[in-house]
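Peer 1: turn this into a model:
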Amino acid sequence: MREGEEMLTIEIQSVGPKIKPTKDNFLILFKDDAPDSIKEVALIHNYQGDFPADYLKVGTKISFGQSQYTITKVGDLVTANLNEIGHTVFYFQDVPGDEAIMHNGIYLSPAQTPSLVAGDKIIFH
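Peer 2: Now for the predicted structure:
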């Protein structure tokens, strides 16, 4: 892929009313068939394609709406969870020690959680 080329785009269908980006340092992503209790606290999408592992690697740029981030760590279950149930957690924080890494998490820099609305896009560059 060329630098800056869009690789994968996910459109956010809804934003859970209990998400507090100014307080939390993470955003939960789930496919639209998630239980209602999950939809309260998650970004919901209906992306139907595969999530190839080479899109999910350290150094990949991700845009959340107008904000851009860089992947600093990818948990070992991220690709499988995204492909099976459309789920991951985006952590906007420094990567913790190995024993504290969330296996379903994508760690991002800078450490500032974006505010998103339905219709915004998550773009892997």
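
Peer 1: now do the buried residues in stretch 61-72.
Peer 2: Neighbour counts over stretch 61-72 (16 or more other C-beta atoms under 10 Å) mark 62, 63, 64, 67, 69, 71, 72 as buried. (Each C-beta comes from the backbone N, C-alpha and C, glycine too.)

Peer 1: which outside residues touch that stretch?
Peer 2: 27, 56-60, 90, 92, 94-95, 106-110, 112, 114-117, 120-125 (C-beta atoms under 8 Å, 6 or more residues apart in numbering).

Peer 1: strand partners (parallel or antiparallel) of the helix or strand containing residue 108?
Peer 2: Per DSSP states H and E, residue 108 falls inside strand 105-109. When pairing is defined by DSSP bridges, strand 105-109 lines up against strand 67-74 (antiparallel), strand 88-92 (parallel).

Peer 1: report the central residue of the chain.
Peer 2: Nearest to the geometric centre of the chain sits residue 90, at 4.3 Å (C-alpha atoms, centre = their mean).

Peer 1: tell me the pLDDT of it.
Peer 2: We have a pLDDT of 98 for residue 90.

Peer 1: that one contacts residue 30, doesn't it?
Peer 2: No. Between residue 90 and residue 30 there is no contact under C-beta atoms under 8 Å: 11.8 Å.

Peer 1: coming back round to it: show me which of the buried residues of stretch 61-72 is closest to residue 42.
Peer 2: Using C-beta to C-beta, residue 64 is the member of those that lies nearest residue 42, at 14.0 Å.

Peer 1: give me the angle between the longest helix along the chain and strand 67-74.
Peer 2: In terms of residue count, the longest helix belonging to the chain (DSSP state H) is helix 78-85. Here helix 78-85 runs at an angle of 110 degrees relative to strand 67-74 (axes from the mean of the first three to the mean of the last three C-alpha atoms, to 10 degrees).

Peer 1: residues in contact with helix 78-85?
Peer 2: So helix 78-85 is contacted by 30-31, 50-53, 56, 87-88, 103-106 (C-beta under 8 Å, 6+ apart).

Peer 1: residue 18: which of the strands paired with strand 105-109 is closest?
Peer 2: That would be strand 88-92 among those, by C-beta to C-beta, at 14.8 Å.
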